[in-house]
Structures are given as structure tokens and as C-alpha cells.
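Novice: Structure for this input, please:
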Amino acid sequence: MYRVMIVDDEPPFIRIIKKLISRNSDRYEVIGEAFNGLEALELIPLVRPDVIFADIKMPGMDGITLLKSVNEQYPRILPVIVSGYKDFEYAKEALKTGALEYILKPINPALMDEVLEKLTLKLGSIYSNKEKELLLDLSSNKQVDPEETKQYFGYKGYMAAIIRTGALANRHSISILLQQDQPFEEIDFEWLNSKLRLAKFWLLDGNDQNEIIMVAAFNENDARGAKQLAEGVFTGLDNILGNVTIVYSPKFYNINQLATYLEPLGKGLNQCLVIGKSQFFDCNNLPALPETNPPIMDKATENKLLVMMESKSLKLLKSELFKLFTDWEEKSYPQVWVEKMLKQIIMLAEKHSPSISARMSLGLEQQLEEVISISTGFGELMKAVWDIIEEILAGKENNKSQEIESTKELLQKVDVYIQTNLAKTISLRSVCAVFGISQPYLSRLFRRFKNLSFNEYVTNIKIEKAKNMMSEYPDMLLKDIAEVAGFSDQYYFSKIFKFVTGINPSEYKTDCINK
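Specialist: Residues are numbered from 1 along each chain as shown. Next up is the predicted model:
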């Protein structure tokens, strides 16, 4: 509920305002009364009002002086002046202090309802921003004022969940770099909420664009089990996105301990996520890990693979790998386990490569992690891994000039497409759809021939475009430059620009002007 303080030197008018506000008792509560501005300033830090109704003429400190102090010290408080004076100068002075409304006595009940509706809209936005700010601090284990959390989070219980679509993020990628796919942007979470009947929910950013953190609040009347909530969200998202993993917490009651509840969710996600499979788990009741944990290839399998690699029996080797992948998929082995096993297989292949180059060897782990992170299932992953192994055992990065030429031609076409569609949404997924190729395949080509990930490459092109525009058009606004260079907004552009170049775009622009 929103908290109201009334400041007036006439008790009958305090009672009238309280009575009018009581018509909205489901949204507003009067938590403080004062008879002049000095008393009000002493009371504000104790009762923490969201709204102050203040008379304009009072002894000690009048309403105008009070509101000036409130505006300076407590900018989140919304002030409303209540006055018996119709003088325009009074109204003008009141509005200068940031007063939302100037209400004349005697107060018209219909007008008070209108004012409260305006306040409700503004307070909804203020609360939403403040709640998000507090949740971000709490999730990062930062110290916050417990009185603030009490004011903004007065619910009976909470639950938290990490929601991820697709595979785990590539740990070698730089998550801040441009990634345009935003799978959760199109989801109508309000519609989901109407089905789940939550008191409220908040969405926080996860590790990358494929992950969000959901914090949900329960009222006493509609407090259902966390499992039911997670299952409802899971069903709704799986129908829309497919391949969704949710790890949730049991219901908890202290929002100040949010970071403590989030920690096992992240660990649970890493432990449980299976490539190409949708699932949801209670973080306190996770499925058992595979028997061989940490994953170590058994000697019989290792020897079998070694013999095939040594004899260059690629057909048999591919068949054996297919059996392994099929077994892993049937047993729902988690991504982290599969990744470690694949690294052991790649190392075996490297040992039996006749002349693998140092550059190629250094990039193999990154190639592997990238194709794992973007594979949508074991079949796609098997094909991508086999391409890597076949290339290793061939002994050269590619010994067929015809294949090199066709690859270069494809990359040139992709490059032209990126350059001509820079202002649009460009992602690995969208480019692969245009050229009819798989994401792991194009990802490997970029890593192999450009020594960059696809996202790093696109980001660099966009930053260079922005730099050139700042040099050529120094008077152009940064927000317009960001838009032309293909960034979603100026803030994001500035963040990426500084990350890549080391300086803010405004500094770079100033340097261009001074040259």
C-alpha cells in the first residue's frame, strides 16, 4: 500500500482528507499527521511517506517551504498542496516546488479521486524502479537499508527462479558484447501472471540474453506452492520458446537474503541443464549426476577411439561417436559433463594429428565451447563436433583449395549482408536462417578464418561504423549515431563502446572535433 502523510494546522481538514483517502483504502494508508512543516520534517524519516498532502499556510513552516525541503531531501516523495487560497501566485510557487497538484478547500471528493488516480500511476512507476534497484542490490549481496526493503517488499512470501532457454553460456565469450537475439522480449509475462495469480513478480537480467531471473511475491490469500508456480511458468514458456530450463527455490520469507537463495539456483542450472531438453527443478532436489563424475573416459572406450584415430578409420570413428552421443542423450547427461568428455576426445584427436598448427590447436577449445553453447540438440552438436575432429585428423586447417575458396566466398557474402543490414537486428541465428546453414557451422568458420566469435565480429563492425561517423559528422547526436550503427539505445551503445575502446563515445567524439 502507498503511504500518505497529511500536514495541516486544522485538525478538521486532516479528518476530511483521511476520510476521502479511505475511499481508496485498498491502495492508500495514512501513516502520519503533522500540524506544521517543522513537525513534518521530523516525522518523514520515521514514517517514510510516499505522498504528502500539505496545507499552504501554516505556523512555524508553511507548505511551500516544507515542499522545497522535501524536494531536496526526499525527491521520491510526491507532494500535493491543499489550500484555501485561489491566488495564482500561490499555485505557481507550489508547482515550482514539484507539487503534483494544487487542491482548493473545500475539497471536491471527485477531484480527490482524480488526484489519487494520478498519484497511483506515478507511484507505480516509482515503486517499480525502486523495487528493481533494490532487487539488483540484494541479488549482488550489497548492503541495503532494511527499512527500505520493509517499505517496498511487504509481501508474505517469495520465490526465485533462474529461467534459461538453450544451452549454458559460453564461458569464454564476453557476455557484454553485442548479442541481438532476445528470446524473452516477446513473452507476455503479464499474461502468464494473470494465469498464475501472483501478488507481483520482477524480472532481472541473467548471465546473457538467454537467461532471466524471476522473483515472485505471494500474498497470504494466494500463496501457492513454489513448485506450482515454477511448473506454470515452465509450461507457458516451453510452449512458446521450447527448450527451457528452470531451477527454482522453495518459498522463502526474507527478501534481504535474496543472494543466499539465488546462489544454489546458479549451481543447480550448471549441474542440470541438458542440451535440447526442457526441464524444471527444485534447487534442493536436483537429479543425480552421472556415475562417472568427474567425467573420465573409460579405458575400453579410449583404446577403441585411439585405434580408429591411428588407423584413420573415419567411418568407424564417426559411428562410435554417434553411439556415445546417443547414449548421452538417452541418459540425459548434463551439458557440463558432455563438454568435459568431448574435450578429452578432442585431445585424443590432437595427439594423432600429423601436423596440426599451433594456431589451430589454441582455438580448438574455444571452437568446441562455442558450438556447444549454440547447439539446439545432440544431433546438431554431433555434426559440429565431428567437423572439428575430421579437420584435426586431416592434419591441416583445410587442404582442399576448392573448399577454402567456397568458404571464403560464403564469408564474403555473410560480411556483405552484415554491412548492408547493420541497423537491423543481426544475430547468428538470423544470418544462418538467411544463408540456410547451421549456427555451429557458421560459428566455427568465424572462429577459424577470422579468429573471432560471430558476436565479437559484428560488435567490432558496429563500433568501427560509429567511430567513422563521429569523425565524419562531429555535430551528429550520439543517440542518432547509436541508431545508425545498429545499437538498441544510447546507453547500451556507450557501454559497449567503452568496453571495446576503453573510452566513452563522448570522449572519442571530443577528440575527433579537436583534431
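Novice: for this protein, what's the longest helix?
Specialist: Assignment by DSSP state H gives helix 109-139 as the longest helix of the chain.
Novice: my read is Ile31 is in a strand, agree?
Specialist: Yes - residue state for Ile31 (DSSP: H, G, I helix; E, B strand; the rest coil) corresponds to a strand.
Novice: and it, what is it in contact with?
Specialist: In this structure, Ile31 makes contact with 3-5, 47, 49, judged by Cβ atoms under 8 Å, 6 or more residues apart in numbering. In this view, the C-beta of every residue, glycine as well, is placed from N, C-alpha and C.
Novice: Among those, which one has the most neighbours?
Specialist: Highest neighbour count within those: Pro49, with 27 neighbours (other Cβ atoms under 10 Å).
Novice: That residue contacts Val7, correct?
Specialist: No - checked against Cβ atoms under 8 Å, the pair Pro49 and Val7 is beyond contact range at 9.8 Å.
Novice: Tell me how far Asp480 lies from Tyr473.
Specialist: Asp480 sits 9 Å away from Tyr473 when distances are taken as Cβ to Cβ, to the nearest Å.
Novice: How about Glu391?
Specialist: As it turns out, when the distance is counted by Cβ to Cβ, Glu391 lies 45 Å from Tyr473.
Novice: what about these two, which has more around it?
Specialist: Looking at Glu391 and Tyr473 with other Cβ under 10 Å, you find the greater number of neighbours at Glu391, namely 21 against 14.
Novice: packing partners for the helix or strand hosting that one?
Specialist: In this structure, Glu391 sits in helix 378-394 according to DSSP states H and E. Identification of packing neighbours for helix 378-394 by 3 or more Cβ pairs under 8 Å, 6 or more residues apart in numbering; DSSP states H and E yields helix 314-330, helix 335-351, helix 358-374, helix 439-449.
Novice: got a pLDDT number for the residue nearest to the spatial centre of the chain?
Specialist: In the chain, the C-alpha nearest the mean C-alpha coordinate belongs to Asp205, at 1.9 Å (Cα atoms, centre = their mean). Each residue has a pLDDT score; the one for Asp205 is 85.
Novice: Also Phe53?
Specialist: On pLDDT, Phe53 comes in at 95.
Novice: And for the one 5 residues further on?
Specialist: Turning to Met58, the model gives it a pLDDT of 88.
Novice: That one and Asp9 touch, don't they?
Specialist: Yes - between Met58 and Asp9 there is a contact at 4.5 Å, judged by Cβ under 8 Å.
Novice: joint contacts of these two?
Specialist: Any residue near both Met58 and Asp9 by Cβ under 8 Å, 6+ apart counts here, and that gives 35-36.
Novice: So for these two, which sits in the more crowded spot?
Specialist: Met58 (23 against 18).
Novice: Is that one in a helix, a strand, or coil?
Specialist: For Met58, the assignment made with three-state DSSP gives coil.
Novice: and it, what are its phi and psi?
Specialist: Phi and psi for Met58, reported as degrees, to the nearest 10, are phi -150, psi 150.
Novice: do the same with the one 4 residues further on
Specialist: Taking degrees, to the nearest 10, you get phi -80, psi 170 for the backbone angles of Asp62.
Novice: residues in contact with it?
Specialist: 37, 56 are the contacts of Asp62 under Cβ under 8 Å, 6+ apart.
Novice: could I get the contacts of Ile31 as CSV with secondary structure, pLDDT and distance to Pro287?
Specialist: Shown next, in CSV, are these (DSSP: H, G, I helix; E, B strand; the rest coil; pLDDT from 0 to 100; distance: Cβ to Cβ, whole Å):
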residue, secondary structure, pLDDT, distance to Pro287
Arg3, strand, 94, 46
Val4, strand, 96, 51
Met5, strand, 97, 53
Val47, helix, 93, 49
Pro49, coil, 96, 49
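Novice: from those residues, which is closest to Pro106?
Specialist: Val4 (19.2 Å; Cβ to Cβ).
Novice: what's the distance between that closest one and Leu241?
Specialist: From Val4 across to Leu241, the span is 43 Å (Cβ to Cβ).
Novice: Can I get the contacts of Ile31 in JSON lines including distance to Glu302?
Specialist: Compiled in JSON lines, the contacts of Ile31 are given as follows (distance: Cβ to Cβ, whole Å):
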{"residue": "Arg3", "distance to Glu302": "68"}
{"residue": "Val4", "distance to Glu302": "73"}
{"residue": "Met5", "distance to Glu302": "74"}
{"residue": "Val47", "distance to Glu302": "70"}
{"residue": "Pro49", "distance to Glu302": "70"}
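Novice: Great, nothing more from me.
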